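Colleague: This is a predicted model, with the sequence first.
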There are 2 protein chains.
Amino acid sequence: MRILFHAADGNPEPWLAELRTVFPDAHLRVWQEGDNGPADYALVWKPPLEMLQQRAGLKAVFNLGAGVDAILQFGDALPQGVPIVRLDDAGMGVQMAEYVTYAVLRYFRRFDEFEAQARAGQWRFLKPHDKQDFAVGILGLGVLGSRIAQALAHFGFRLNGWSRTPKDLPGVQCHAGAQGFDEFLRSSRVLVCALPLTGETAGLLNRDTLGKLPQHSYLINVARGAHLVEEDLLKLVQNEHIAGATLDVFQQEPLPPAHPFRQEPRITITPHMAALTLRGDSVRQIAGKISAMERGEPIAGVVDRTRGY
Amino acid sequence: MRILFHAADGNPEPWLAELRTVFPDAHLRVWQEGDNGPADYALVWKPPLEMLQQRAGLKAVFNLGAGVDAILQFGDALPQGVPIVRLDDAGMGVQMAEYVTYAVLRYFRRFDEFEAQARAGQWRFLKPHDKQDFAVGILGLGVLGSRIAQALAHFGFRLNGWSRTPKDLPGVQCHAGAQGFDEFLRSSRVLVCALPLTGETAGLLNRDTLGKLPQHSYLINVARGAHLVEEDLLKLVQNEHIAGATLDVFQQEPLPPAHPFRQEPRITITPHMAALTLRGDSVRQIAGKISAMERGEPIAGVVDRTRGY
């Protein structure tokens, strides 16, 4: 079996070492420009089009992350008929749940305000928010969105969910499609974006949609920077319709040092760390899927290119 | 039925309004200095000794909080034979779980460091901690400690617990008594104090005990300020044996503006807000217990004065 590897950032060696332990007999190679040699499987993170363009012979392309937007951006230039497979959770779900729970609790329990007071030498009680007024709305109810919902439910938060097609999650008031979007927004005091990035979801968080959230709502984006129209958020924070935001992803990453978000204390910035691909878990998951494919069995996580995830 | 009310801080009126709804026929009065008139039940928060001293005729004293240290400090001056009853949870458990989960995630996911980087205009990856190296040790496995453990277990943290007498909690490595204390400390990367304040537990967090935690451990205190020898913590943070702390309670509250903790960025301070007594939940709980007592039934939460909680 010939496995071709490419990861845009970082050192391939630890990945190859993990792969060797699960596929001791496979021929592993790191893709280099001009390599058009045969391969059975490709494992990729943000690959250049050149790596994939001529590869109709691949049995599958495995994406080393949950979001496949960096592959699907190549559209029809990708070889037809080759399945593109995303990671299912692989340790990312609990990380996302940790990140979002932290950000929700920070806003709900007013820790940011208490910290500012402490720095100013103050000791002052602040009236807590009430969970009855504090529904958290989760955009995207896939593996990651569902795991986030489960964590927040543990603390008794009221939950709304929105997905493209109708879903049914215990303890979540589920809305779906264009017709369910407004009600979802109007009833969510915190908005968590856990959507895949597709043609339909790019720019979905904008002046119009964020404006439908209740006054003093909060935004958490753990999906992709392109979901958010950044200048719209900034205006809504400045006019206090939105109380603040915790953002892990940005239109341009690394976020430039002069970006206006950095001057706005109500916007908390993290460097795209909400959920890291865990090498061991990911390689084991991909190995299981390759074995299943070799036995002719179906696998989970195959991307629907039309749908975009 | 005659109910006597006293709460050291705040306005009694909202409490009386709640009490009137559950005891429409009771005679309610707010204790005033010199009031030695008869009463059946007292509901108190940080009462003066004068209120309780002459009251052998009470059927019970209900404390409007979980910790009864402010009552038991009066020792033998309290009337003998009158049960002192603490609140069981009454909405405090989930608040404690929120507070501790927030503080644990903040340290575990390095949010404090990411925030400092963001303020400095940086965008830099920081290697995450590993849950295998990150056992959280909970001191005190009563209603509140158990609820904290349950929340952390949801995120897959390894858990140690310590209590005076042996306990058995699912998913928690339980230690007990003096002989179990060292091993508990040595195996806990984060120490959460949820103990009652008694003669045995005052000053329990000191140079000696905190020094037994692994290098770069973290302290979270949601119990009482008197559990901690504050100058010992400060030295251990300054010499980096302890990485930092999140403290909700202090030897002196409000924490004085010039207190050295305020100059130490690794020590996060909140103004005793981890778990507020929820009026509605508390009054309903106390009403249920009074009704049970009136029917001659036993009730939960009666304090053992020798044990101290």
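Modeller: Yep, that arrived.
Colleague: what does chain A have sitting close to chain B?
Modeller: Residues of chain A lying close to chain B (Cβ under 8 Å from any Cβ of the partner chain) are A:94, A:97-99, A:101-102, A:105-106, A:108-109, A:111, A:114-115, A:117-119, A:121-126, A:128, A:151, A:154-156, A:253-255, A:257, A:262, A:268-271, A:273, A:276. No exception for glycine: its C-beta is placed from N, CA and C like everyone else's.
Colleague: which ones among those are found in strands?
Modeller: Counting by DSSP state E, the residues of chain A next to chain B place A:268-269 in strands.
Colleague: In contact with the residue nearest the centre of chain A, which residues are there?
Modeller: Nearest to the geometric centre of chain A sits residue A:223, at 3.2 Å (Cα atoms, centre = their mean). Going by Cβ atoms under 8 Å, 6 or more residues apart in numbering or on different chains, residue A:223 touches A:67, A:139-140, A:193-197, A:249.
Colleague: where's residue A:24 relative to chain B, distance?
Modeller: As judged by Cβ to the nearest Cβ, to the nearest Å, residue A:24 and chain B stand 26 Å apart.
Colleague: Check residue A:2 too.
Modeller: 31 Å.
Colleague: where does that residue fall, phi/psi-wise?
Modeller: Backbone geometry at residue A:2, expressed as degrees, to the nearest 10, gives phi -110, psi 120.
Colleague: Report the beta-bridge partners for it.
Modeller: residue A:27 (DSSP bridges).
Colleague: Closest to residue A:45 out of the contacts of residue A:223?
Modeller: The closest of the contacts of residue A:223 to residue A:45 turns out to be residue A:67 (Cβ to Cβ; 10.4 Å).
Colleague: which non-adjacent residue is nearest the residue in the stretch 1-150 of chain A positioned nearest to chain B?
Modeller: Nearest to chain B, among the residues of the stretch 1-150 of chain A, is residue A:123, at 3.5 Å (Cβ to the nearest Cβ). Once flanking residues are discounted, residue A:123 sits nearest to residue B:254: 3.5 Å by Cβ to Cβ, 6 or more residues apart in numbering or on different chains.
Colleague: So what's the residue count around the one you found?
Modeller: Per other Cβ atoms under 10 Å in any protein chain shown, the neighbour tally for residue B:254 reads 13.
Colleague: The one 5 residues further on too?
Modeller: Neighbouring residues of residue B:259 were enumerated by other Cβ under 10 Å; the total is 19.
Colleague: quick one, what contacts it?
Modeller: Counting by Cβ under 8 Å, 6+ apart, residue B:259 has contacts B:250, B:252.
Colleague: C-alpha coordinates for stretch A:152-170, PDB please?
Modeller: Extracted in PDB, the C-alpha atoms of stretch A:152-170 (Å, rounded to 0.1, in the frame of the first residue of the first chain):
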ATOM      1  CA  LEU A 152     -23.500  22.900  28.300                       C
ATOM      2  CA  ALA A 153     -26.500  20.800  29.100                       C
ATOM      3  CA  HIS A 154     -24.500  19.400  32.000                       C
ATOM      4  CA  PHE A 155     -24.600  22.800  33.600                       C
ATOM      5  CA  GLY A 156     -28.300  23.300  32.900                       C
ATOM      6  CA  PHE A 157     -28.100  25.900  30.200                       C
ATOM      7  CA  ARG A 158     -31.100  26.200  28.000                       C
ATOM      8  CA  LEU A 159     -30.100  25.100  24.500                       C
ATOM      9  CA  ASN A 160     -31.100  26.000  20.900                       C
ATOM     10  CA  GLY A 161     -29.700  24.300  17.900                       C
ATOM     11  CA  TRP A 162     -29.700  25.100  14.200                       C
ATOM     12  CA  SER A 163     -28.800  22.900  11.300                       C
ATOM     13  CA  ARG A 164     -29.300  22.800   7.500                       C
ATOM     14  CA  THR A 165     -31.600  19.800   7.700                       C
ATOM     15  CA  PRO A 166     -33.900  18.900  10.700                       C
ATOM     16  CA  LYS A 167     -32.200  17.200  13.600                       C
ATOM     17  CA  ASP A 168     -33.400  16.000  16.900                       C
ATOM     18  CA  LEU A 169     -31.100  16.200  19.900                       C
ATOM     19  CA  PRO A 170     -32.200  15.500  23.500                       C
END
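Colleague: rewinding a little: can you name the residues that contact the residue of the stretch 1-150 of chain A closest to chain B?
Modeller: A:117, B:253-255, B:271.
Colleague: repeat that with 10 Å
Modeller: By Cβ atoms under 10 Å, 6 or more residues apart in numbering or on different chains, the contact set of residue A:123 is A:114, A:117, B:250, B:253-257, B:259, B:262, B:269-272.
Colleague: For the stretch 51-200 of chain A, which segments count as strands?
Modeller: Remark: strands assigned in the stretch 51-200 of chain A by DSSP state E, counting those that start in this stretch are A:60-63, A:84-85, A:136-139, A:159-163, A:172-176, A:190-193.
Colleague: Dump these to a markdown table, plus mean neighbour count and mean pLDDT.
Modeller: As requested, the strands of the stretch 51-200 of chain A are arranged in a markdown table below (neighbours: other Cβ atoms under 10 Å in any protein chain shown; pLDDT from 0 to 100):
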| stretch | mean neighbour count | mean pLDDT |
| --- | --- | --- |
| strand A:60-63 | 23 | 97 |
| strand A:84-85 | 22 | 97 |
| strand A:136-139 | 27 | 98 |
| strand A:159-163 | 24 | 98 |
| strand A:172-176 | 19 | 98 |
| strand A:190-193 | 26 | 98 |
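Colleague: Tell me how many other residues surround residue A:236.
Modeller: 20.
Colleague: cool, residue A:35 as well?
Modeller: So residue A:35, with other Cβ under 10 Å, has 14 neighbours.
Colleague: Ok, the one 10 residues further on next?
Modeller: The local packing of residue A:45 (other Cβ under 10 Å) involves 18 other residues.
Colleague: State the number of residues packed around the residue nearest to residue A:294 when sequence neighbours are not counted.
Modeller: Spatial nearest neighbour of residue A:294, chain neighbours left out: residue A:1 (7.9 Å); criterion: Cβ to Cβ, 6+ apart. For residue A:1, the neighbour count with other Cβ under 10 Å is 13.
Colleague: what residues are up against residue A:1?
Modeller: Per Cβ under 10 Å, 6+ apart, neighbours of residue A:1: A:23, A:25-28, A:39-41, A:59, A:290, A:294.
Colleague: Run the chain-centre distance for stretch A:128-137.
Modeller: 24 Å (Cα atoms, centre = their mean, to the nearest Å).
Colleague: mind checking the end-to-end distance for that stretch?
Modeller: By Cα to Cα, to the nearest Å, the extent of stretch A:128-137 from end to end equals 20 Å.
Colleague: list the buried ones in stretch A:102-117?
Modeller: Within stretch A:102-117, the residues that qualify as buried are A:102-112, A:114-115, A:117, counting by 16 or more other Cβ atoms under 10 Å in any protein chain shown.
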